[in-house]
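**Q** Next input, structure requested:
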Amino acid sequence: MTENVTPYKDSELGKKEQVTRMFDTISGKYDGLNRVISFGIDIKWRKKVVRIVKECRPDSILDIATGTGDLAINLARTGAGKITGLDISPGMLEVGKRKVEEKQLQDTISMVLGDSENLPFADNTFDAITVAFGVRNFENLEKGLGEILRVLKPGGRFVILETSVPSKTPYKQGYRLYTRHILPFIGKLFSKDRSAYAYLSESASVFPYGEKLNNILNKTGFIDVRHHPQTLGVATIYVASKQQH
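**A** Residues are numbered from 1 along each chain as shown. Presented below is the predicted three-dimensional model:
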């Protein structure tokens, strides 16, 4: 099990409700802030995810925790006929829907309000499933991964893009300084909500990554699990599959 890090110290709300409220609050400036705090490298990471997904020639893709739809829009390059972006935050989805319409991709991409731990889809629905910077926000990681396995088709591909912590000196120390002090400060400048970005950095620091997350994916029932650290280890791409019947 992972440590339960919540964005606000409100005992009346669970992590899921708090995460929803947080992302609704910062939705309008989320894209611009992402570009700043990652120095634009997140664009490169997403392109790698798209290449990995494209290899399996999917017709149907589910992008969980789609947020404002950045990855879902990029996934249109795979040639998939149907892409579904799912998120628990209505505010983030509204931004995403506008972006999809601006790109004239509404015939390919549907933006759906939903809970990653209770997916509103039948078993064996999607050829590929992606999650970018979202699994650490699951209230129950194992339950969310189990739902993903359920709706993924046998032989289908699952790709995660998530933050991780560099293991080598001096990158580890520099990362800690940046995420604990600089990132929340930048977040406050953009969104007037320092606690939201303090949560994002704190949750990243305690979330299992590398072999630990590989082991959880294997335990859940995924096969062919592997991970690829990105940019000195500040992010990692995980690739897994669902066993054929």
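**Q** buried set for the lengthiest strand in the chain?
**A** Using DSSP state E, we find that the single longest strand of the chain is strand 152-163. Buried positions in strand 152-163, judged by neighbour count with 16 or more other C-beta atoms under 10 Å: 152, 153, 156, 157, 158, 159, 160, 161, 162, 163. C-beta here means a position set from N, CA and C on the backbone, and glycine is covered the same way.
**Q** Next, find the distance separating residue 211 from residue 131.
**A** Residue 211 is 19 Å from residue 131, where distance means C-beta to C-beta, to the nearest Å.
**Q** do residue 108 as well
**A** Distance from residue 108 to residue 131, by C-beta to C-beta: 19 Å.
**Q** just the helices in the protein please.
**A** Here the chain has its helices, by DSSP state H, at 15-26, 30-37, 41-54, 70-75, 90-102, 141-151, 171-177, 183-191, 194-206, 211-220.
**Q** now do the same end-to-end measure for stretch 160-176.
**A** By C-alpha to C-alpha, to the nearest Å, the extent of stretch 160-176 from end to end equals 22 Å.
**Q** Residues in contact with that stretch: which ones?
**A** 45-46, 49, 71, 130-136, 204-205, 207, 209-210, 213, 229, 232-238 (C-beta atoms under 8 Å, 6 or more residues apart in numbering).
**Q** what do you get for stretch 50-61?
**A** By C-beta under 8 Å, 6+ apart, the residues outside stretch 50-61 that reach it are 71-72, 74-75, 77-84, 125-130, 156-157, 159, 237, 239.
**Q** Any of those buried? List them.
**A** Buried among those (16+ other C-beta under 10 Å): 71-72, 74-75, 78, 80, 82-84, 125-130, 156-157, 159, 237, 239.
**Q** Now residue 152: closest residue in space that isn't a chain neighbour?
**A** The shortest distance from residue 152 to any residue other than its chain neighbours is 4.7 Å, reached at residue 242 (C-beta to C-beta, 6 or more residues apart in numbering).
**Q** Next, count neighbours for the one you found.
**A** Neighbours of residue 242 under the rule other C-beta atoms under 10 Å: 23.
**Q** measure it to residue 19 for me?
**A** 26 Å.
**Q** for residue 230, what are its contacts?
**A** 45, 48, 236, 237.
**Q** related to what we said a few turns ago, run through the residues that contact the residue nearest to residue 152.
**A** Applying C-beta under 8 Å, 6+ apart, we find residue 242 in contact with 149, 152, 153, 154, 155, 156, 158, 221, 222, 223.
**Q** can you rerun that using 10 Å?
**A** Listed by C-beta atoms under 10 Å, 6 or more residues apart in numbering, the contact partners of residue 242 are 124, 126, 129, 148-158, 221-224.
**Q** Skip the chain neighbours and tell me the closest residue to residue 207.
**A** Using C-beta to C-beta, 6+ apart and skipping the chain neighbours, the partner closest in space to residue 207 is residue 136 (4.1 Å).
**Q** and that neighbour, what pLDDT?
**A** With respect to pLDDT, residue 136 scores 89.
**Q** And for residue 26?
**A** Looking at residue 26, its pLDDT stands at 65.
**Q** cool, residue 68 as well?
**A** 93.
**Q** so it touches residue 133, yeah?
**A** No - using C-beta atoms under 10 Å, residue 68 makes no contact with residue 133, being 11.5 Å away.
**Q** Those two: which has the busier surroundings?
**A** residue 68 (27 against 22).
**Q** how close does the more buried one get to residue 87?
**A** The gap separating residue 68 from residue 87 is 9 Å, by C-beta to C-beta.
**Q** Looks like residue 179 contacts residue 205 (just checking).
**A** Yes - here residue 179 reaches residue 205: they are 6.6 Å apart, a contact under C-beta under 10 Å.
**Q** Any regions of this structure where pLDDT drops low?
**A** Per-residue confidence for the chain (pLDDT under 70) gives these ranges: 1-13, 26-39, 181-182, 184, 186-201, 204.
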